[in-house]
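In: Show me how the following folds:
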Amino acid sequence: MGLYDPQMRVPTSGTGAALARNYALNAANAGRVLTSQGDNLPPIWAAPGGAGVLPVNHVLFVDAVNSPGAGATGTLGDPCQTLQAAINQAVLNGWTDVQLQVAFETYAAPLAIPVSLVQVSIVGWDALECPILSGDITYTTAPAGLTGTLEIVNCLVTAANIQTADVALQSLNFTLINSINAAAVAANTLLIEQFNSTQEGNATGTTALFTRWDGHSWATTLQAGPVFAPPGYSRFFFDAGHDTYRRSLTANGVPLFPAVGSTVFVTMAMPAYVRAGDYAEIQVLDPAVQDFNCGVHGVGPGTVTVWLTNLSRAGLNFNEAIQLLIHHETMVPEPAP
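Out: Now for the predicted structure:
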């Protein structure tokens, strides 16, 4: 053999099958793979995807129906039966992150994620028949420094709670993708990101709450009406965050509206819908009513101020149905001339 040819010793016995000997420095345990430590160094036995391996990803499979049960290793042909079993396998593998590919079924057992896993994705195999997660999820994260990340994709969550083990000290990044979450979410500092999803449960950051939305998630979460706390939490949008809001534009009588040709400003409170920096437009829902004119004057935290000019109405009272188009993402200003 040449200088760089690989070499292998395979002892045999008669005409029987070849048997491998253990030439690694550590013990050969079932389920581990022989892993190179580099040129001219002896190999070691390591967990699949563990130290010394360059993995494509860390994926384990969960199938409550087709799993063999206890002892399953989480491979496609040997899926874990519960979410907790898969999390335990990821820890046994020495991983710090894992993606669980979860088959359709209801998973009712509670799930505890330890601090050693800093990123966990729970992904439904099939978006048409998504798994139902009805057990509470508790994530233990570091009281200071590294924050745990939990991502739920293509799932229906009916659990009561998703939270850190200590909501006064431990923080969480939580992402929903193509999912509906009825669970209340709580952590010290909480970041919620939503893509094509609905957060139906309350969201509480003991110290601070940050949210990021796409337009669909913002609209459907507003329809669900959860409480987001503390008040004044930060909202950011992946797109323009277009939203519509119908209400009445009301201005009544002397001295608020004294005469034809005069203009008043009406400030409308909409605390759940509008934030500072939003951009709003107004449309009268009955275009046949043309004895007044109106437009948006400005937007403040939880308010939209509209100007209204009486063109010809003698009765002086206005109670007109309008629709506001609100762009939630801050617009880029034009440069100064």
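In: per the record, what domains does this structure have?
Out: 59-237, 243-327 (automatic domain parsing).
In: With mean pLDDT, mean neighbour count and distance to Pro43 added, can I get the ones you listed in CSV?
Out: In short, each C-beta sits where N, CA and C put it, glycine included. As requested, the domains of the chain are exported to CSV (pLDDT from 0 to 100; neighbours: other Cβ atoms under 10 Å; distance: least, Cβ to Cβ, whole Å):
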stretch, mean pLDDT, mean neighbour count, distance to Pro43
domain 59-237, 94, 19, 17
domain 243-327, 88, 14, 58
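In: Please name whichever of these is nearest to Pro42.
Out: Minimum separation from Pro42 across these (Cβ to Cβ) falls at domain 59-237, 19.8 Å.
In: Look at that closest one and report the distance between its end residues.
Out: End-to-end span of domain 59-237 (Cα to Cα, to the nearest Å): 30 Å.
In: how far does it sit from the chain's center?
Out: Using Cα atoms, centre = their mean, to the nearest Å, the distance from the centre of domain 59-237 to the centre of the chain it belongs to is 8 Å.
In: swap in stretch 318-334?
Out: 27 Å.
In: now do stretch 296-311
Out: Taking mean C-alpha positions (Cα atoms, centre = their mean), stretch 296-311 and its chain are 34 Å apart.
In: how long is it from one end to the other?
Out: Stretch 296-311: ends 17 Å apart by Cα to Cα.
In: And the contacts of it?
Out: Stretch 296-311 is touched from outside by 232, 249, 251, 257, 259-272, 274-282, 290-295, 316, 318, 324, 326, with contacts defined as Cβ atoms under 8 Å, 6 or more residues apart in numbering.
In: if we go to 6 Å?
Out: Where contact means Cβ atoms under 6 Å, 6 or more residues apart in numbering, the residues beyond stretch 296-311 that reach it are 251, 260, 262-269, 271, 274, 276, 278, 280, 282, 291-295.
In: Then stretch 270-286?
Out: Here stretch 270-286 makes contact (Cβ under 6 Å, 6+ apart) with 235, 245, 296, 299, 301-302, 304, 321-328, 330-331.
In: first to last residue in that stretch, what's the distance?
Out: 22 Å.
In: Going forward, the N-terminal residue is numbered 12.
Out: With 12 as the first residue, the last one maps to stretch 281-297.
In: next one: that stretch to chain centre, how far?
Out: With Cα atoms, centre = their mean, you get 26 Å for stretch 281-297.
In: Just the contacts of stretch 307-322: which are in strands?
Out: 262, 274-280, 291, 293, 303-306 (DSSP state E).
In: Nearest to Val126 among these?
Out: Ala280 (43.5 Å).
In: For the residue nearest to that closest one when sequence neighbours are not counted, which residues count as its bridge partners?
Out: In space, and not counting its chain neighbours, Ala280 is closest to Thr314: 5.7 Å by Cβ to Cβ, 6 or more residues apart in numbering. Beta-bridge pairing for Thr314 (DSSP bridges): Ala280, Gly311.
In: What's the separation between Thr314 and Val307?
Out: 11 Å (Cβ to Cβ, to the nearest Å).
In: Kindly report the same for Thr160.
Out: 39 Å.
In: what's the answer for Asn263, then?
Out: 20 Å.
In: Kindly report the same for Gln205.
Out: Gln205 is 27 Å from Val307, by Cβ to Cβ.
In: How about Phe248?
Out: Phe248 sits at a distance of 19 Å from Val307 (criterion: Cβ to Cβ).
In: sorry, back to before: kindly reformat the domains of the chain as TSV containing distance to Pro53.
Out: As requested, the domains of the chain are exported to TSV (distance: least, Cβ to Cβ, whole Å):
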stretch	distance to Pro53
domain 70-248	20
domain 254-338	61
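In: Which stretches in the stretch 162-311 of the chain count as helices?
Out: In the stretch 162-311 of the chain, helices defined by DSSP state H, counting those that start in this stretch lie at 226-235, listed in chain order.
In: Next: the stretch 12-161 of the chain.
Out: 94-103.
In: For it, which segments are assigned as strands?
Out: For the stretch 12-161 of the chain, the strands defined by DSSP state E, counting those that start in this stretch cover 44-46, 55-57, 70-73, 108-113, 117-118, 122-124, 130-135, 143-144, 148-150, 159-164.
In: Tell me how far the residue positioned nearest the centre of the chain lies from Val131.
Out: For the chain, the residue nearest the mean C-alpha position is Thr186 (1.5 Å; Cα atoms, centre = their mean). Shown here: Thr186 relative to Val131, a distance of 11 Å by Cβ to Cβ.
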